[in-house]
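Colleague: can you look at this prediction? I've put the sequence above it.
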Amino acid sequence: MSQRYLIALGSNRRHHRHGGPRAVLAAARLALAEAGITVAGFSPVVASRPLGPSDRTYANAVAAVVAPFDPPEMLARLKEIESRFGRRPRGRRWASRVLDLDVVLWDGGCWADEALIVPHRSFRERIFVLGPALRGVGGWHDPLTGLSLRQLHARLTRPRPAPKPPHT
């Protein structure tokens, strides 16, 4: 039985064969297909500032994919692709990387085990996931809040009123 996933892709390091981060994401799209994962939609690639201490700009995109894999098997396939692109397991958190693939959402709702939590814990606070998702692979809802990606994006990007000065 085919299952749908929303996958976040990121790169902020050059690959010796594929080239810069944008080219890495294009190559990763092909690698997904080679791994038995059908890419049903792919967002535009956007540039984003890194989280943590890295100073390299990221190229980010989101893919809607279909595959006959349960979440642990999907994660295993994604880790294999990352490995083929030179990612080492258990690398330094927030370090620059050639390729990062994350399961963001799954049409089965929620999943949790020792290796994977779906929906991704931080996707609601990541403009570099929500923004691209709206521009190519929308139509998803957060299974925990019931909010659409558009609603989550609006909450994240809406202007906040300036704090009022204290009364003296």
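Modeller: Arrived safely, thanks for sending.
Colleague: tell me how many other residues crowd Asp100.
Modeller: By the criterion of other Cβ atoms under 10 Å, Asp100 has 19 neighbours. For glycine as for every other residue, the C-beta is placed from the backbone atoms N, C-alpha and C.
Colleague: test my guess that it contacts Leu9.
Modeller: Yes: Asp100 is within contact range of Leu9, at 7.2 Å (criterion: Cβ atoms under 8 Å).
Colleague: can you tell me which residues contact Ile81?
Modeller: Counting by Cβ atoms under 8 Å, 6 or more residues apart in numbering, Ile81 makes contact with Ala28, Ala31, Leu32, Ala35, Leu99, Leu101.
Colleague: which SS state does the most centrally placed residue in the chain fall under?
Modeller: Nearest residue to the geometric centre of the chain (Cα atoms, centre = their mean): Ala8, 1.7 Å. Assigned by DSSP: H, G, I helix; E, B strand; the rest coil, the conformation of Ala8 is strand.
Colleague: tell me the bridge partners for it.
Modeller: Val62, Asp102 (DSSP bridges).
Colleague: for Trp140, give its distance to Arg87.
Modeller: 26 Å (Cβ to Cβ, to the nearest Å).
Colleague: which one's more surrounded, those two?
Modeller: Legend: neighbour count by other Cβ under 10 Å for Trp140 and Arg87, higher for Trp140 (22 against 16).
Colleague: highest neighbour count among the contacts of Ile81?
Modeller: Top of the contacts of Ile81 by neighbour count (other Cβ under 10 Å): Ala28, with 27 neighbours.
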